[in-house]
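Enquirer: Below are the sequence and a predicted model for it; my questions follow.
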Amino acid sequence: MNEISGRTNVCSARFGAGASEGLGRELGRFLVTTMEIPWGLVKERLGAAPAQVLMVENMQIETIERQLEKVGEVDAVLGIGGGQAIDLAKYIAWKRQLPLVTLPTVLSVDAFVTPAAGIRRGHRVDYVGESSPDPLVIDYDVLRTAPPELNIAGVGDLLSIHTACFDWELAQKAGVSEYPFSQADVDAARQILATVMGKTEAIANCTDEGLQAIVDGYMRVNTLCLPAGHYRVEEGSEHYLFYELEERLERPFIHGWIVGLGVHLLSRLQGHQHEQAVAFMKEVGLPHQPRDLEIQKDDLRASLLALNYYVQGRSDLWYTVLNEQKITPAWVDEALQTLNF
Ligand SMILES: [Zn+2]
């Protein structure tokens, strides 16, 4: 059991190798939301068959609402898989006011600890509702069935603290912070990242300790962000590059990997400990190169050159380095030389 105090958004947690064994026997009539591969990995472990299984089709709101109508009488919702399967479970649990249990089979995104469900309206992601897992089940054996680089992707949304906190400080210095600036939260967030970076080898090897470090990092971020009511300490310009690329290329990415690319480029633009951030990604084995993400050089160049204008056109985005530093063709040429295509 974890010892993290504060609002983690996790009502109860069960951590350990084999933690999912027999879980189904405790849930009464339960609905599972999942995808083919995670379901194949986990169903025999549950010890009881679900009343209903919903496979993720896509995260468009129209699709999810249609699936919601098919949900019968159940006592609980069990989300099994990565971000989408768990977000579908969160959405249904919230809409039907049912207990939520989450069993992530990969740590690539923090969906299994955040309260809101990420759904899509058109090409934009929207976060809706509120739900908390009871329990969150972290079964290290299940997680290790996923490719290591997908679990390691989980550090992306923690490494983003590096650039996001710097962006918030810029906003504060410019006198335009959207929220009351909290130096204590910035310091605490940096401490969370430092703790994670102290476990680089364990994370790289996906040991129990390494996997737990990622989960603990997410829960600790929640203890800062939920009371504050925003995720400013872990979301900034590094995410905005991802938003632009996703709209431009109209395809999804492995979240932690593309956030890693954002940290690479935006820490460089910030002039903020770029080498350290890149060295960490290399040591921990976080894929973040355009080659890993199958992003062409011309597309990334166009995205970077459009980024200053992109953020100005979106009033929902916070003030970051992108409001202060103009991205020039010369800067882009130099930055692209540091990446692999
Ligand atoms: Zn993120």
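Expert: Now that the structure is in, tell me what you want to look at.
Enquirer: what is the mean pLDDT for stretch 133-151?
Expert: Summarised as a single mean, pLDDT over stretch 133-151 is 96.
Enquirer: And it, what's buried?
Expert: Along stretch 133-151, these residues count as buried under the neighbour rule (16 or more other C-beta atoms under 10 Å): 133, 135-140, 142-144, 146, 149-151. To be clear about C-beta, it is placed using only N, CA and C from the backbone, and glycine gets the same treatment.
Enquirer: cool, stretch 331-341 as well?
Expert: So for stretch 331-341, counting by 16+ other C-beta under 10 Å, buried means 331-332, 335, 339.
Enquirer: and the longest helix along the chain, what does it pack onto?
Expert: Secondary structure of the chain per DSSP state H: the longest helix is helix 208-228. The contact analysis (3 or more C-beta pairs under 8 Å, 6 or more residues apart in numbering; DSSP states H and E) places helix 208-228 against strand 133-138, helix 140-143, helix 156-173, helix 183-197, helix 200-204.
Enquirer: now the second one, how far from the centre of its chain.
Expert: Average the C-alpha atoms of helix 140-143, do the same for its chain, and the two points are 18 Å apart (C-alpha atoms, centre = their mean, to the nearest Å).
Enquirer: quick one: contacts of that helix?
Expert: Applying C-beta atoms under 8 Å, 6 or more residues apart in numbering, the contact partners of helix 140-143 are 15-20, 41-42, 45, 103-107, 151, 206, 208, 211-212.
Enquirer: what's the neighbour count on S12?
Expert: If you count neighbours by other C-beta atoms under 10 Å, S12 ends up with 13.
Enquirer: correct me, but it touches L136?
Expert: Yes. If you go by C-beta atoms under 8 Å, S12 and L136 touch, sitting 7.4 Å apart.
Enquirer: State the mean pLDDT of stretch 225-240.
Expert: Mean pLDDT, stretch 225-240: 96.
Enquirer: show me the contacts for the residue nearest to Q325 when sequence neighbours are not counted.
Expert: Nearest residue to Q325 in three dimensions, chain neighbours excluded: L269, at 5.4 Å (C-beta to C-beta, 6 or more residues apart in numbering). Listed by C-beta under 8 Å, 6+ apart, the contact partners of L269 are 237, 321-322, 325, 327, 331, 335.
Enquirer: L269 belongs to a helix, doesn't it?
Expert: Yes. Counting by DSSP: H, G, I helix; E, B strand; the rest coil, one finds L269 located in a helix.
Enquirer: roughly how far apart are it and L322?
Expert: According to C-beta to C-beta, to the nearest Å, L269 stands 8 Å off from L322.
Enquirer: which neighbours do the two share?
Expert: Contact criterion C-beta under 8 Å, 6+ apart; residues bridging L269 and L322 by contacting each: S237.
Enquirer: residue closest to the middle of this protein?
Expert: Among the residues of the chain, the one closest to the centroid is V109, at 3.2 Å (C-alpha atoms, centre = their mean).
Enquirer: ok, for that residue, nearest residue in space, not its chain neighbours?
Expert: Spatially, and ignoring its direct neighbours in sequence, V109 is nearest to G83 (3.8 Å; C-beta to C-beta, 6+ apart).
Enquirer: Count residues in the vicinity of that neighbour, would you?
Expert: Using other C-beta under 10 Å, G83 is surrounded by 23 other residues.
Enquirer: Over to D157?
Expert: Neighbour count for D157, taken as other C-beta under 10 Å: 27.
Enquirer: Just list the residues touching it, thanks.
Expert: D157 neighbours (C-beta under 8 Å, 6+ apart): 109-110, 218, 221, 234, 255-256, 259.
Enquirer: rerun that using 10 Å as the cut-off
Expert: Residues counted as contacts of D157 (C-beta atoms under 10 Å, 6 or more residues apart in numbering) are 107-110, 114, 164, 214, 217-218, 221, 231, 234-235, 238-239, 255-256, 259-260.
Enquirer: From those, which land in strands?
Expert: Counting by DSSP state E, no part of these is found in strands.
Enquirer: Out of these, name the ones that lie in helices.
Expert: Applying DSSP H to these, the entries found in helices are 164, 214, 217-218, 221, 238-239, 255-256, 259-260.
Enquirer: Most neighbours among those, which one?
Expert: Counting neighbours by other C-beta under 10 Å, E238 comes out on top of the ones in helices among the contacts of D157 with 33 neighbours.
Enquirer: In this structure that residue contacts G256, no?
Expert: No. In this structure E238 lies outside contact range of G256 using C-beta atoms under 10 Å: 11.2 Å.
Enquirer: what touches both of these two?
Expert: Contact with both E238 and G256 is made by residues 156-157, 159-160, according to C-beta under 10 Å, 6+ apart.
Enquirer: Please identify which two of those residues are farthest apart in space.
Expert: The span of these, defined through C-beta to C-beta, is set by D157 and L159 at 7.6 Å.
Enquirer: where do the contact lists of those two overlap?
Expert: Common contacts of D157 and L159 (C-beta under 10 Å, 6+ apart): 217, 234, 238, 256, 259-260.
Enquirer: Who are the contact partners of A49?
Expert: Applying C-beta under 10 Å, 6+ apart to A49 gives the contacts 24, 30, 32, 43.
Enquirer: What about the residues you listed, which one has the most neighbours?
Expert: Most neighbours among the contacts of A49, by other C-beta under 10 Å: V32, with 29 neighbours.
Enquirer: What confidence value was assigned to that one?
Expert: V32 carries a pLDDT score of 98 in this model.
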